[in-house]
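**Student:** I would like the atomic coordinates for the input below:
(2 chains)
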Protein chains: 2
Amino acid sequence: MDVEQMTALLDRHDFKQLKEELESMHPVDIVDAFEELDKKQRTLVFRLLAKEEAAEVFTDMNSDMREDLINALTDSELEEVMDEMYVDDTVDVLEEMPANVVDRLLMVTDEDTRQKINALLQYPEDSAGSIMNIEYISLRKEMTVADAILKIRQVGINKETIYTCYVTEKKRLIGMVDVKDLLTAGESRTIGEIMDENVLYARTLDDQEHVANMINKYGLVAIPIIDHEDCLVGIVTVDDAMLVLQDETTEDISMMAGVSPNEDSYFETSVFRQAKNRTPWLMLMMLSSTVSGEILGYYENAMAVMPVLITFIPMLMGTGGNCGSQISTLMIRGLAVGEIEFRDIFKVIFKEIRVALMVGTLLAIVNGIRICLMYDWNVMLALALGITMIAVVIMAKCIGCVLPLVAKKIGLDPAIMAAPLITTILDTCTILVYFNIVTAFFKL
Amino acid sequence: MDVEQMTALLDRHDFKQLKEELESMHPVDIVDAFEELDKKQRTLVFRLLAKEEAAEVFTDMNSDMREDLINALTDSELEEVMDEMYVDDTVDVLEEMPANVVDRLLMVTDEDTRQKINALLQYPEDSAGSIMNIEYISLRKEMTVADAILKIRQVGINKETIYTCYVTEKKRLIGMVDVKDLLTAGESRTIGEIMDENVLYARTLDDQEHVANMINKYGLVAIPIIDHEDCLVGIVTVDDAMLVLQDETTEDISMMAGVSPNEDSYFETSVFRQAKNRTPWLMLMMLSSTVSGEILGYYENAMAVMPVLITFIPMLMGTGGNCGSQISTLMIRGLAVGEIEFRDIFKVIFKEIRVALMVGTLLAIVNGIRICLMYDWNVMLALALGITMIAVVIMAKCIGCVLPLVAKKIGLDPAIMAAPLITTILDTCTILVYFNIVTAFFKL
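**Tutor:** Residues are numbered from 1 along each chain as shown, chains lettered A, B, ... in the order given. You can find the predicted model right below:
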């Protein structure tokens, strides 16, 4: 069912048909459709959803929609939704809501869940604890495979992931068993016999990106999270990891473009907020680029004697900036996916110098030919520009590869060393290199 | 065990101890360690691995290492490894190997597997078929839950993912059952009763990125893949989807920096190849930036009369370029994660004009103050620059948001419309706007 059909059924008040159609829709698609509906329509449709589906839709909505909906629902309706939600999702919802809404939501939650919620709310933002799921299956090593399967049958229906079960002893994590292994092992064997003792785990205070990267690196479905006493307290599942990685990448990409990162999507961010996210970098770079302007002013006389020099400025600044942003981007991404580390710095510089020599020479030759053709075979000019070009490319590649690595080393996010900042730094350097070479060459 | 300990044990020829230590290591970590070892050491360590582990290590290695290893192993050793590997992984390995190595690998593969391999090799690169896994559990709807669990027990041990089982009828996909549901349902119920008929699926020829995005969007563990006759032929699992998304993001980021994308990592790509990947864009942009140079040359006289105009060029070009790359980057990312679509174009332009007015005015004021302080309260100059600044920011934001959307619309990868290209286009426009405004203002 698409949005048109949905609104048509709503207009016709054909709720029976609508309810039936909704049953075959994926919650994610219902949320997509919600974006095209107004507040009233959304509430109507939401009330037609089955309990479980309603909870999933509620979890997937953006915070504005959710607030509207909470205001429209009665306490008992809200209670039904909250009962169906996973505790970690509830926490995510609460973190985004204004205080009065949080109070209302907590009021309709039972005491036991409220305690769990409070515990989860105490983990710092972006920590593994804040994204973990506290519903998982724990087994004891004395259990037989048959016992374990029975236990999963009894309690498993409420767990988000039961594909990996964790074996604990006095709450400490001592092993894990894949459901796959449970199903394929003999029923009378004990968990202690078939469990894998080499368990990869993370800690509650680990950075969520680190945990997501582990899941990705080792191809896991879930990773157990232990607290400071080595007790198992939750798991982080692969779908949460994918979202974390996607958000972190978006954050990196924003920073690489000189935009302060923002958790909301483009349309959810107001005009004022957009302006606020973009202005600091622009301001900084505008002011710092006056330095290159001043340096240009310093060489006014040279340009007065040889006005043609002006015409090469955009090309040289452009090429320098582009060379620098090429390599800084490769470095930032390499650091993000763990392919490059700080200790590779000399290997990288050596490689970049060779790349720069190749690229610079090629550009210098093509540019030289162009100058010869356009400026009556002024070979001296072609030569001076060629030397400048090679020098600029080498400089740009070296600065562009070193800065992200250094940023990482001193604990900054390497993503800030991308195009805007690198370009601004390189602009100044390029002008200095250019005029030093041409004034020496033409004795200006 | 870290690499130092590993080499120490190798040096001491303490293979017994080494073998023991290797057992507790994750294959991914063994591959990491391999990067620090030489060819001979790698082969030695590889021979000590347990069969299953050896297959996983072999799958995770990069192609250079793998080729070295294949050349060092005997046919029977190779056969053991190939027997343990999943067919889809084997295909990935074969696709990267030179023809003579492929022949050797196929020679040690049994006839049945060889046929499967050949079928998979026929799917186009980057299609769902090329990354799918052909080992999965299929059930019939007449089976009881107990039958199904028995079937999983019997055949499941060789399947990479059994967390979702698919229900087929004459090979056609008609439903799915989560292992979770199997374990929690009564043993005597039939699969037909408990199966979910709303199965999300993809087709063999769908783009792998599309399939990975579906897995991400709907939070799936695996997605079934059907062929042109609607027959179930394989599944794509979440860990493969994560790799696809990571590679596609790296590709986008490379393109956004004007580097031709490349499947190999930074260090695996030779200097020559690096130069080759980066030169085309640099060349194109160098040549096109001569246009801005020529335009600058055209305004030589204006600059001769008012040399101070030169000093503002880097600042204006920088700001224009940065404004444009900010918004083009946000657009490219928004398009990639599906938050923005072409039909939003007018909404985006309207929003950007308002953002640009805010940002431009703020920058113009700060810059105006700076000019007043540095140039003896030359208010006319501050005013002219202020108007230019606002005009440049609006122009940059509009061009920067429109080009990626248009690229997407006409079937190009929006990522090419990032910083390098946008900056080059904006350089020319900025100079034109600047000199048109100042020549009118100061009647030059």
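
**Student:** Report the contact partners of the residue of the stretch 301-444 of chain A found nearest chain B.
**Tutor:** Closest residue of the stretch 301-444 of chain A to chain B, Cβ to the nearest Cβ: A:Thr329 (3.4 Å). To be clear about C-beta, it is placed using only N, CA and C from the backbone, and glycine gets the same treatment. For A:Thr329, the contact set (Cβ atoms under 8 Å, 6 or more residues apart in numbering or on different chains) comprises A:Met256, A:Ala418, A:Ala419, B:Ile253, B:Ser254, B:Met256, B:Ala257, B:Val259.

**Student:** Which pLDDT value belongs to the fourth one?
**Tutor:** According to the per-residue confidence, B:Ile253 scores 83 in pLDDT.

**Student:** buried stuff in the strand or helix carrying it?
**Tutor:** Assessed by DSSP states H and E, B:Ile253 sits inside helix B:238-256. The neighbour-count check on helix B:238-256 (16 or more other Cβ atoms under 10 Å in any protein chain shown) flags B:238-242, B:244-256 as buried.

**Student:** which helices and strands does that helix pack with?
**Tutor:** helix A:208-218, helix A:238-256, helix A:313-336, helix B:208-218, helix B:313-336 (3 or more Cβ pairs under 8 Å, 6 or more residues apart in numbering or on different chains; DSSP states H and E).

**Student:** Show me the one of those helices that comes nearest B:Ala55.
**Tutor:** B:Ala55 sits nearest to helix A:208-218 of all the helices and strands packed on helix B:238-256, at 15.8 Å, using Cβ to Cβ.

**Student:** Just the residues contacting the closest one, thanks.
**Tutor:** A:126-128, A:130-131, A:200, A:202, A:220, A:222-223, A:225, A:236, A:238, A:240-242, A:244-245, A:248, A:338, B:26, B:28, B:239, B:242-243, B:246.

**Student:** Adjacent strands (with direction) for the helix or strand just after it?
**Tutor:** Counting by DSSP H and E, the next helix or strand C-terminal to helix A:208-218 is strand A:222-226. Partners of strand A:222-226 in the sheet, by DSSP bridges, are strand A:202-203 (parallel), strand A:232-237 (antiparallel).

**Student:** Average pLDDT for the shortest one, rounded please.
**Tutor:** Averaged over strand A:202-203, pLDDT sits at 95.

**Student:** cool, the last one as well?
**Tutor:** Confidence for strand A:232-237, expressed as mean pLDDT, is 91.

**Student:** again with stretch A:301-320
**Tutor:** Here the average pLDDT along stretch A:301-320 is 88.

**Student:** ok, that stretch near chain B or not?
**Tutor:** Yes - part of stretch A:301-320 sits near chain B under the criterion Cβ under 8 Å from any Cβ of the partner chain, namely A:303-304, A:307-308, A:310-315, A:317-319.

**Student:** farthest-separated two in these?
**Tutor:** Top of the distance list for those (Cβ to Cβ): A:Ala304 and A:Thr319, 24.8 Å.

**Student:** Buried residues, the helix or strand harbouring A:Lys116. List them.
**Tutor:** If you go by DSSP H and E, A:Lys116 is part of helix A:111-121. For helix A:111-121, a neighbour-count test (16+ other Cβ under 10 Å) marks A:Lys116, A:Ile117, A:Leu120 as buried.

**Student:** what angle separates that helix from strand A:232-237?
**Tutor:** Counting by axes from the mean of the first three to the mean of the last three Cα atoms, to 10 degrees, helix A:111-121 lies at 70 degrees to strand A:232-237.

**Student:** For the helix or strand just after helix A:111-121, list the C-alpha coordinates in PDB.
**Tutor:** Next helix or strand after helix A:111-121 toward the C-terminus (DSSP H and E): helix A:128-131. Below are the C-alpha coordinates for helix A:128-131, written out as PDB (Å, rounded to 0.1, in the frame of the first residue of the first chain):
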ATOM      1  CA  ALA A 128      28.600   1.200  24.500                       C
ATOM      2  CA  GLY A 129      26.400   1.200  27.600                       C
ATOM      3  CA  SER A 130      24.100   3.800  26.100                       C
ATOM      4  CA  ILE A 131      23.300   1.800  23.000                       C
END
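
**Student:** Flag every residue of the stretch 1-150 of chain A that's near chain B.
**Tutor:** Residues of the stretch 1-150 of chain A lying close to chain B by Cβ under 8 Å from any Cβ are A:Ser24, A:Met25, A:His26, A:Val28, A:Ile149.

**Student:** now, the most widely separated pair of the residues you listed?
**Tutor:** In these, the most distant members under the criterion Cβ to Cβ are A:Met25 and A:Ile149, with 32.9 Å between them.

**Student:** show me where chain A has strands.
**Tutor:** All strands of chain A, identified by DSSP state E, fall at A:138-139, A:164-169, A:172-178, A:202-203, A:222-226, A:232-237.

**Student:** What residues of the longest one count as buried?
**Tutor:** Read that as strand A:172-178. Buried residues in strand A:172-178, defined by neighbour count with 16+ other Cβ under 10 Å: A:Leu173, A:Ile174, A:Gly175, A:Met176, A:Val177, A:Asp178.

**Student:** near chain B, anything from that strand?
**Tutor:** No - using Cβ under 8 Å from any Cβ, we find that strand A:172-178 stays clear of chain B, coming within 9.3 Å at best.

**Student:** Quick one: residues in contact with that strand.
**Tutor:** Contacts for strand A:172-178 (Cβ under 8 Å, 6+ apart): A:139, A:141, A:148, A:163-168, A:191-192, A:194-197, A:199, A:201, A:224, A:226, A:230-232.

**Student:** Now which of these would you call buried?
**Tutor:** Applying 16+ other Cβ under 10 Å to the contacts of strand A:172-178 flags A:139, A:141, A:148, A:163-168, A:191-192, A:194-195, A:199, A:201, A:224, A:226, A:232 as buried.

**Student:** wouldn't A:Arg354 be in contact with B:Ser270 here?
**Tutor:** No - A:Arg354 lies out of contact with B:Ser270 (Cβ atoms under 8 Å); the separation is 9.8 Å.

**Student:** and those two? which has more neighbours close in?
**Tutor:** The neighbour comparison of A:Arg354 against B:Ser270 (other Cβ atoms under 10 Å in any protein chain shown) goes to A:Arg354, with 17 against 13.

**Student:** per-residue pLDDT, the more buried one?
**Tutor:** 94.

**Student:** Figure out the length between the terminal residues of stretch A:101-121.
**Tutor:** Its first and final residues considered, stretch A:101-121 spans 16 Å by Cα to Cα, to the nearest Å.

**Student:** what mean pLDDT does the helix holding A:Lys116 have?
**Tutor:** Per-residue pLDDT values across helix A:111-121 average out to 84.

**Student:** Just the residues contacting that helix, thanks.
**Tutor:** For helix A:111-121, the external contacting residues (Cβ under 8 Å, 6+ apart) are A:82, A:87-88, A:90-91, A:94-95, A:106, A:109, A:129-130, A:132, A:134.

**Student:** A:Ala304 and A:Thr319: which is more packed in?
**Tutor:** For the pair A:Ala304 and A:Thr319, the greater number of neighbours falls to A:Thr319 (26 against 14), based on other Cβ under 10 Å.

**Student:** which residues does the residue lying closest to the more buried one once chain neighbours are set aside contact?
**Tutor:** Spatial nearest neighbour of A:Thr319, excluding adjacent residues (Cβ to Cβ, 6 or more residues apart in numbering or on different chains): B:Met286 at 5.1 Å. Contact analysis of B:Met286 by Cβ under 8 Å, 6+ apart lists A:Met315, A:Gly318, A:Thr319, A:Leu363, A:Val366, A:Asn367.
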